[in-house]
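J.: Okay, predicted coordinates and the sequence, questions at the end:
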Amino acid sequence: AQSVTQPDIHITVSEGASLELRCNYSYGATPYLFWYVQSPGQGLQLLLKYFSGDTLVQGIKGFEAEFKRSQSSFNLRKPSVHWSDAAEYFCAVGPAGDKLIFGTGTRLQVFP
Amino acid sequence: KAGVTQTPRYLIKTRGQQVTLSCSPISGHRSVSWYQQTPGQGLQFLFEYFSETQRNKGNFPGRFSGRQFSNSRSEMNVSTLELGDSALYLCASSPRGGTNYGYTFGSGTRLTVV
């Protein structure tokens, strides 16, 4: 069965510091991978997605993620975090034509 | 282009009552999916509708049901509410459904059961 693991429940960084959020997935074939962000009381906003091709994908708000098949990972990165990036981040996987399976999320806190 | 609209935003119900939540997808999108989000269970898939037909279903009891209308608007119903049904219910629309087409989420309906 497909699954997604986000090992870090809560991460705290200083504004301006770099960020990496981890995501590991379990899936038999090449999955479709997503990162979503959720601000308090809001829905999910798509940051980026990977379907195929270049393993480094660029998203909105300066985020990028790298697909590593050998490690079954799809980690999210940002070189310099802004206070407005504080939110909860969800990694998701889904086979083509099927539903999304979400990880448990990583809450990001940003200190000035 | 309007996004996904969910109504109401907040709802308080009593145990044993039933509730109906509404979702209007992005214009032209024919697929609507519903997810339940709770602190303990995270985001869990409820069901997906495409062209008025349920195409996929999660592992929820029969108290949870849904439907989709010819204009692609969808409603979700929960009968005989339990305290554990308190959650944020998220609707997501997609042009044709399935991960390869991508999903756009609404802001959700926060349901509190007392």
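T.: Arrived safely. Numbers count the residues shown, from 1 in each chain, chains lettered A, B, ... in the order given.
J.: pLDDT weak spots in the chain?
T.: In the absence of a named chain, this looks at chain A. Flagging of chain A using pLDDT under 70 yields the residue ranges A:96-97.
J.: um, chain B though
T.: Counting by pLDDT under 70, chain B shows low-confidence ranges at B:1.
J.: Go ahead and flag the most central residue of it.
T.: What sits nearest the mean C-alpha location of chain B, by Cα atoms, centre = their mean, is residue B:34, with 3.2 Å.
J.: if you skip the residues just before and after it, what's nearest to that one?
T.: residue B:46 (4.1 Å; Cβ to Cβ, 6 or more residues apart in numbering or on different chains). Where you see a C-beta, it was placed from the backbone N, CA and C, and this is true even at glycine.
J.: next one: phi and psi at the closest residue to residue B:9 other than its chain neighbours?
T.: Take residue B:9 and drop its neighbours on the chain: the residue closest to it by Cβ to Cβ, 6+ apart is residue B:109, 6.3 Å away. Backbone torsions for residue B:109, taken as degrees, to the nearest 10, come to phi -120, psi 120.
J.: burial of residue B:109, as a residue count?
T.: As a burial measure, residue B:109 scores 21 neighbours (other Cβ atoms under 10 Å in any protein chain shown).
J.: Over to residue B:85?
T.: Residues near residue B:85, counting by other Cβ under 10 Å, number 21.
J.: From residue A:46, how far out is the nearest residue to it once chain neighbours are set aside?
T.: Distance criterion Cβ to Cβ, 6+ apart; nearest residue to residue B:85, sequence neighbours excluded, is residue B:113 at 5.2 Å. For residue B:113, the distance to residue A:46 equals 30 Å [Cβ to Cβ, to the nearest Å].
J.: thinking again about what came up before, by contact count, what packs against the helix or strand where the residue nearest to residue B:34 lies?
T.: Taking DSSP states H and E as the definition, residue B:46 sits inside strand B:42-50. Judged by 3 or more Cβ pairs under 8 Å, 6 or more residues apart in numbering or on different chains; DSSP states H and E, strand B:42-50 is in contact with strand A:101-102, strand B:31-38, strand B:53-57, strand B:64-68.
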